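Student: sequence below, structure please.
(one chain, ligands or ions: 1)
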Amino acid sequence: MAGAASAADLTVGFSQIGSESGWRAAETSVTKQEAEKRKVDLKFADAQQKQENQIKALRGFIAQGVDAIFIAPVVETGWDTVLQEAKDAEIPVILLDRGVKASPDLYMTVVASDQVHEGKVAGDWLVKDVGDKTCNVVELQGTTGSSPAINRKKGFEDAIASHANIKITRSQTGDFTRAKGKEVMEGFLKAENGGKNICALYAHNDDMAVGAIQAIKEAGLKPGTDIKVVSIDAVPDIFQAMAAGEANATVELTPNMAGPAFDALEKFKADGTLPPKQIITESKLYTQADDPMKVYEEKKGLGY
Ligand code: AHR
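Tutor: The predicted structure is shown next:
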């Protein structure tokens with residue numbers, strides 16, 4: 001409902017997925033900082049990677065009568081009923097960093113990157129880097145059923161589609177975590193002649209790449225040289241790996257999804273203006289040529 005005098009009048013429920021990655025932890029800190037700055041009363045719920053916990057949290061927020069709900073949805077499907085409940089209660093819902101497969105009139109807007117584009121940027125980098133050489137790629141996917149896992153896979157596949165010399169030979173989920181990224185990479189290395197048949201790793205986030213880099217080193221190979229590493233997020237740790245020559249490229253995802261979300265909400269509450277259905281954040285490519293330690297220092301202040 002329009003008419004709140006200022007952000008200070010607002011109570012917002014935020015259902016966060018969990019803390020599977022460095023990026024996710026930064027998004028949580030930035031959201032809390034943004035709420036504090038704007039004097040929004042933020043009710044925070046950590047779902048520990050479970051959709052059922054997110055649905056429970058949303059129902060709790062609806063029962064409390066919050067002014068709005070922010071949700072980073074762990075997977076794409078299964079939201080229709082609870083989103084309808086929020087709509088019936090006239091509570092606007094804003095999706096942060098991931099999309100859902102539900103009717104767009106069940107939420108106000110989604111603040112996220114273009115995830116297909118992110119995958120494409122990563123794939124285009126590899127295409128350029130390998131040139132005409134044959135390149136077998138192993139892929140670490142994000143959480144199964146999540147929009148970034150689905151879309152980043154598609155974008156990368158689109159980028160390499162017309163380059164017959166580049167093929168994805170193995171692809172498995174690493175659930176966006178460092179530990180799983182390492183474990184799955186160990187399996188890839190074993191299955192691919194100790195890693196000698198692998199030219200590049202594409203990881204759907206930096207945390208899985210960092211775990212995989214460890215596995216590559218333990219297998220006696222040089223990450224960044226023997227196996228090229230390209231991933232997504234641009235968390236500080238990947239810049240340290242780049243500075244050490246152990247990672248090659250990353251695509252930046254801002255952890256500040258909450259800023260544009262609060263802006264849109266405040267405007268709506270003030271005068272009823274509805275934001276566009278999608279608020280798209282930038283996807284910038286970083287490589288070893290971008291002074292990784294300088295970027296590392298800059299990133300450290302931004303919620304990481
Ligand atoms: O939805 C964004 C993705 O979720 C990030 O790339 C990843 O690190 C996180 O867990």
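Student: the ligand contacts on the stretch 101-250 of the chain?
Tutor: Counting by CB under 6 Å from any ligand atom, the stretch 101-250 of the chain comes close to the ligand at Pro148, Phe176, Asn205, Asp207, Ile232, Asp233. Heads up, the C-betas are built off the backbone N, CA and C, glycines and all.
Student: looking at those residues, which two lie furthest apart in space?
Tutor: Pro148 and Asp207 (12.5 Å; CB to CB).
Student: between those two, tell me which one has more neighbours.
Tutor: Set Pro148 next to Asp207 and count neighbours by other CB atoms under 10 Å: Asp207 wins out with 31 against 26.
Student: what sits against the residue nearest to Lys133 when sequence neighbours are not counted?
Tutor: If the residues on either side of it in the chain are set aside, Lys133 comes closest to Asn165, at 6.4 Å by CB to CB, 6 or more residues apart in numbering. Going by CB atoms under 8 Å, 6 or more residues apart in numbering, Asn165 touches Val130, Asp132, Lys133, Thr134, Cys135.
Student: which among the residues you listed count as buried?
Tutor: Val130, Cys135 (16 or more other CB atoms under 10 Å).
Student: mind checking which of the contacts of Asn165 are in strands?
Tutor: Counting by DSSP state E, those place Cys135 in strands.
Student: mind telling me which residue of the stretch 201-304 of the chain is nearest the ligand?
Tutor: Asn205 (3.6 Å; CB to the nearest ligand atom).
Student: so that residue touches Ser21, yeah?
Tutor: Yes - counting by CB atoms under 8 Å, Asn205 touches Ser21, with 5.5 Å between them.
Student: between the two, point out the one with more neighbours.
Tutor: More crowded of Asn205 and Ser21, by other CB under 10 Å: Asn205, with 33 against 23.
Student: and that one, backbone torsions?
Tutor: Dihedral angles phi and psi of Asn205 (degrees, to the nearest 10) take the values phi -150, psi 170.
Student: pull the contacting residues for it.
Tutor: With CB under 8 Å, 6+ apart, Asn205 has these contacts: Ser21, Trp23, Gly142, Pro148, Phe176, Ser231, Ile232, Asp233.
Student: swap in 10 Å and give it another go.
Tutor: Residues near Asn205 by CB atoms under 10 Å, 6 or more residues apart in numbering: 20-24, 140-143, 148-149, 152, 174-178, 181, 231-233, 235, 238, 250-251, 253.
Student: buried subset of those residues?
Tutor: Buried residues within the contacts of Asn205, counting neighbours by 16+ other CB under 10 Å: 20-24, 140-143, 148-149, 152, 174-178, 181, 231-233, 235, 238, 250-251, 253.
Student: so how many other residues sit close to the nearest residue to His163 once chain neighbours are set aside?
Tutor: Spatial nearest neighbour of His163, excluding adjacent residues (CB to CB, 6+ apart): Val127 at 5.4 Å. Taking other CB under 10 Å as the neighbour definition, Val127 ends up with a count of 16.
Student: and Val127, how far from Val137?
Tutor: Per CB to CB, to the nearest Å, Val127 is found 11 Å from Val137.
Student: then Thr109?
Tutor: On the measure of CB to CB, Thr109 and Val137 end up 34 Å apart.
Student: just Ala122 next, same as before
Tutor: 10 Å.
Student: now swap in Leu253 and tell me
Tutor: Leu253 is 21 Å from Val137, by CB to CB.
Student: again, but for Gln278
Tutor: Look at Gln278 and Val137: by CB to CB, they are 29 Å apart.
Student: who has more neighbours, the two?
Tutor: Each of Gln278 and Val137 has its neighbours counted (other CB under 10 Å); Val137 has more, 23 against 13.
Student: quick one: mean pLDDT for the helix or strand hosting that one?
Tutor: Val137 is part of strand 135-141, with elements assigned from DSSP states H and E. Average pLDDT, strand 135-141: 98.
Student: that one pairs with which strands?
Tutor: Strand pairing for strand 135-141, using DSSP bridges, gives strand 166-173 (parallel), strand 200-203 (parallel).
Student: and the last one, C-alpha only, in CSV?
Tutor: Pointing back at strand 200-203 there. The C-alpha trace of strand 200-203 is given here as CSV (Å, rounded to 0.1, in the frame of the first residue of the first chain):
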residue,chain,number,x,y,z
ALA,A,200,39.6,-25.8,-18.5
LEU,A,201,37.2,-25.6,-15.5
TYR,A,202,34.1,-23.5,-15.7
ALA,A,203,32.5,-23.1,-12.2
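Student: quick one, strands of this structure?
Tutor: Applying DSSP E to the chain gives strands spanning 11-16, 41-46, 68-71, 93-96, 109-113, 135-141, 166-173, 200-203, 228-233, 249-252, 278-281, 285-287.
Student: quick one: low-confidence parts of the chain?
Tutor: 1-8 (pLDDT under 70).
Student: ok, Lys101 - contacts?
Tutor: By CB under 10 Å, 6+ apart, the neighbours of Lys101 are Pro73, Val75, Glu76, Thr77, Gly78, Trp79, Asp80, Gly145, Ser147, Ile150.
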